[in-house]
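In: Need a 3D model of the following:
(chains A and B)
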Amino acid sequence: MPVSKRLMEHAPAIDAPPQSLADYKATGGYKGLEKALKMEPDAITQMVLEAGVRGRGGAGFPAGRKWSFVPKNTGKPIYLACNADESEPGCFKDRQLMERVPHLLIEGCVMACRAIGAQAAFIYVRGEYPQSIAALEAALIEARDKGLVGENVMGSGWACEVWVHQGAGAYICGEETGLLSSLEGGRGYPRIKPPFPAVEGLWSSPTIINNVETLANVPVIVRDGVEAFRSVGDDDTAGTRLVGISGHVENPGDVEINPATTTIRELIEVHAGGVWKGRKLKAVIPGGSSVPVLPADAIDVPFTYGAVKEAGSLAGAGGVIVMDETTCMVDALMNLMQFYHHESCGQCTPCREGTGWLEKLVTRIWSGEGSERDIELLDRVADTIGGAQQGKTICFLADSAVMPTKSFLKHFRDDFVKAVADGGSPVFKARRDRHAKTSTAAKTGTAAKTGAK
Amino acid sequence: MATLTIDGREVTVEPGTTVIEAVRRLGADVPHYCWHPGLSVAGNCRICLVEVEGMPTVQISCNLGVRDGMVVHTQSEKARQARQDVMELLLINHPLDCPICDQAGECKLQEYSFDFGTDGSRFDFPKVHKPKHVRFSEKVVFDAERCILCTRCVRFLDEVAGKDELDIINRGDRNEIAVARGDELTSDYQMNIVDVCPVGALTSTDFRFKSRVWFLKQTRSVCAGCSRGCNVTVGSRWNRVLRLVPAENQAVNKWWMCDDGRFTYRDVGADDRLGAPMVRKNGRLVEVSWDEALAAAAEGLGNAGKDLTAVVSARLTNEELHLAQTILDHVGAGERGYRARDFAKDDMLRTGDGNPNAAGAELMGLTPFTTDLPGAKHVFLCGDGVEQNEDLSSAAFVLVADCRESQTILEFATVVLPSVTAFEKRGSFTNVDGRIQRVEPSVRAPGSALEDWKLLGRLLAKLTGDAAPTSADSVLKSMGATRPAFEGLSLGRLGPLGKSTATATAAANGEAQ
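Out: Coordinates of the predicted model:
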């Protein structure tokens, strides 16, 4: 099973300092930009379109097509916003790029700006990533110093500035239009469409929003050519993918793979050292916490957008969350619902009111106060909320709560039925009993005696 | 133009129109909370969902542009189910305490719930609790639990009033509207947020808990606070005016009015209202019959002749001004005019002219009075309830027609004719843009006070021996003969939205309107 390193090919070790400009240049860095500056901007877009690179932030929209939506000659400035918010639970791949090969992202940003006619790029980094911000800031100082970013990019006479913006810790700011609202200094509220950001984005000007990994692929595409880029992956998912594997595995971490030839099972068993403690696999959420969960027997599929979708989930933002056989799925879902309830921006009625209802229902089941009716209701309320996939909300946050709920109930209903029948989930009961023991011990004084022994 | 089909009916609208606007063009509607025709589109309440053929998901009709050939269903099973789902979610954390909520009776949650909600809820948890009776200012109180976070109030203050004073704090189902700039709202238009609030979250401290709205008598009229002539709906009960809210008129005030205008009703219930005619006898004002008072007034005016100085208020209606001028012409009064009145001006609605009918006064040939009254021997103050402090110590005859007692009346009046406020009479005002608009009475005047047109009509009859006019409408219909701007007009013809004098003139000349 081949490891396919491309973006991370020359990345320094995970604990080493970020790759310097000199090291980056020594391995072909900024060659893509040099080439791009000699091309017509539309030709860059055309290359990216032909390369077929799809958005790595989760939605999988073809980047070249997105770029082609930018209207020309509106008299307004054009902006590039790099989505480095990486707020999806289970995802930590963009962080690897920013902290280990920051110049790759900066080069990608400048090239994308060149292609879409922008003269400024904003990299919106989540507030919880101070090292990423430090690495990018340091790399930008180097790049500006060497004329790779700034008023005269590589002596071409063309100006392009790149700014790093630190987020303030809200999941919703990773939603592309919520990101724009936040970047403008407002509440991180997603925006209704139309207008689409490519037409009216940042400060009502045409704006392209791309994920870190998507932009990191741009220098590679232009430098090595479309054919070379497409030699990895397949027609559905061209190029490599960076995937983070976490949860109940021996060696959690990121890996860059050929998505066409690497299955989810291989990601877990080969790259992450298998399920930990010799236990069996129970479930996998393959694309970050928002996508449907897959049972253990559904993971022998390549990590392409199409194949994972066919298996009943989504490759999403490449965050594989692994759960072993001891996992109580009620407990896991409760954790997710707490998250989505907490992070709902509250703008749209269904999400604002519904995510809290989902959390309340699953918590009731978790704590042994639920009934069969509550399980049924959990499923129905998920349908009631719907989300953007049903047209009921502005953004996909509601769907991100609905998809796990529906899929957890579909594949692991037994866990919920058992929690109802047994007076609560195993985790709840363990906590309750531990508390009971402690309080009994405190009353009888046995704790002190035991302690003396 | 784009032609689309909505629930089987075709409608042709301009490109750029949204589906909800197209639906309303047909005289129908789609339920909506956050959408307001005078505000930007927020698209957050999600209740205006409709089904569009060829589109996989339901769509919010407030942000969906029309396309030629579009087929829209507002009543399909899919659209109804989606709206019902949103309705259920809106209510899970909303207090169901309509019996003690002041919005009951004009609450969109109640109305839509009645229209298409379910009769129960599947939600059986304690509701989320939030702050109640939060003071936004001395005029506005906020109940966060009743708020559905549609942000109409936030958008109104920001986009219309130009005061970005409200915002949302917290997140998700903990969201609350809060004063975000300073401690309290300062906008002179802040009470409009009470009107645009579709639920009971924002209430007016002036009106809340005074009356159930379904007991209010609703009268469409015109605000007399300044020369803008904002259209209003006067809410009254027990012969008392309880509130003024703006009535839509795109040519005048759109959907809004200023806060000061809302408080003009307070004059109606003032405790210094005049309720009976009076004549000064032996140095003291004595209540007399209307007949005696009018006879005294007519005699005094007749004696004064060209020496009469008349201050006619530009707060009178067009009809009343016409009658006053006719009287003064008949008497041959020398000096006449109206007193200009200032009113804080702004860029929005307030014109700076505190007279609601200065344009009407000008049309009648009256101009602002510049001379002082001291020294005048014979005076006619044809007033309207605004405190006057004229020094008339040298006058031998002072006739005052007014609705409120004043120092001038007590000290100098020879004859006092009690008149009424703009809330107690019928007629028309001409606003700053030359638009003639209808004034309707919402309450009855105290005692035997008479509408000014009636009082002036009777006075004129006394002077001429002709019959007195029987209605304000009859005055308007007849005055067109001598005053071209009013030719062909009647109160009925003015309609609820009024007519511009230009239009009226054009109509009189037989030109197309």
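
In: what sits up against stretch A:156-170?
Out: A:37, A:85, A:87, A:106, A:109-110, A:113-114, A:118-128, A:133, A:136-137, A:140, A:143, A:149-153, A:173, A:178, A:182-183, A:188, A:343, A:345, B:171 (Cβ atoms under 8 Å, 6 or more residues apart in numbering or on different chains). Using the backbone N, CA and C atoms, a C-beta is placed for each residue, glycine as well.

In: Stretch A:410-421 near chain B anywhere?
Out: No: under the criterion of Cβ under 8 Å from any Cβ of the partner chain, stretch A:410-421 makes no contact with chain B; the nearest approach is 15.6 Å.

In: buried stuff in that stretch?
Out: By neighbour count on 16 or more other Cβ atoms under 10 Å in any protein chain shown, the buried set for stretch A:410-421 is A:411, A:412, A:415, A:416, A:418, A:419, A:420.

In: Measure how buried residue B:189 is and give me the count.
Out: Other residues within reach of residue B:189, judged by other Cβ atoms under 10 Å in any protein chain shown, total 24.

In: Next, the closest residue to chain A within chain B: phi, psi?
Out: Of all residues in chain B, the one sitting closest to chain A is residue B:57 (3.1 Å; Cβ to the nearest Cβ). The phi and psi values for residue B:57, taken as degrees, to the nearest 10, are phi -110, psi 160.

In: Where does pLDDT dip in the stretch 351-500 of chain B?
Out: Along the stretch 351-500 of chain B, the model assigns pLDDT under 70 to residues B:371, B:384-388.

In: residue boundaries of the strands in it?
Out: When secondary structure is read from DSSP state E, counting those that start in this stretch, the stretch 351-500 of chain B shows strands at B:378-382, B:397-402, B:415-418, B:427-430, B:435-439, B:499-500.

In: Identify the residues contacting the closest residue to the residue of chain B closest to chain A other than its chain neighbours.
Out: Of all residues beyond its chain neighbours, the one nearest residue B:57 is residue A:391 (3.1 Å), with distances taken as Cβ to Cβ, 6 or more residues apart in numbering or on different chains. Residues counted as contacts of residue A:391 (Cβ under 8 Å, 6+ apart) are B:49, B:57, B:58, B:59, B:60, B:82.

In: which parts of chain B sit against chain A?
Out: B:41-47, B:49, B:57-60, B:63, B:65, B:82, B:85-86, B:88-90, B:92-93, B:122-123, B:125, B:128, B:148-149, B:167-168, B:170-175.

In: which of the residues you listed are buried?
Out: B:41-47, B:49, B:57-60, B:63, B:82, B:85-86, B:88-90, B:92-93, B:123, B:128, B:148-149, B:167-168, B:171-175.

In: residues near residue A:73, how many?
Out: By other Cβ under 10 Å, the residues close to residue A:73 number 6.

In: tell me the SS of it?
Out: Residue A:73 carries the three-state label coil when classified by DSSP: H, G, I helix; E, B strand; the rest coil.

In: And for residue A:142?
Out: In terms of secondary structure, residue A:142 is helix; the call rests on three-state DSSP.

In: In space, what's closest to it - neighbours in sequence excluded?
Out: According to Cβ to Cβ, 6+ apart, the nearest residue to residue A:142 is residue A:21 (4.1 Å).
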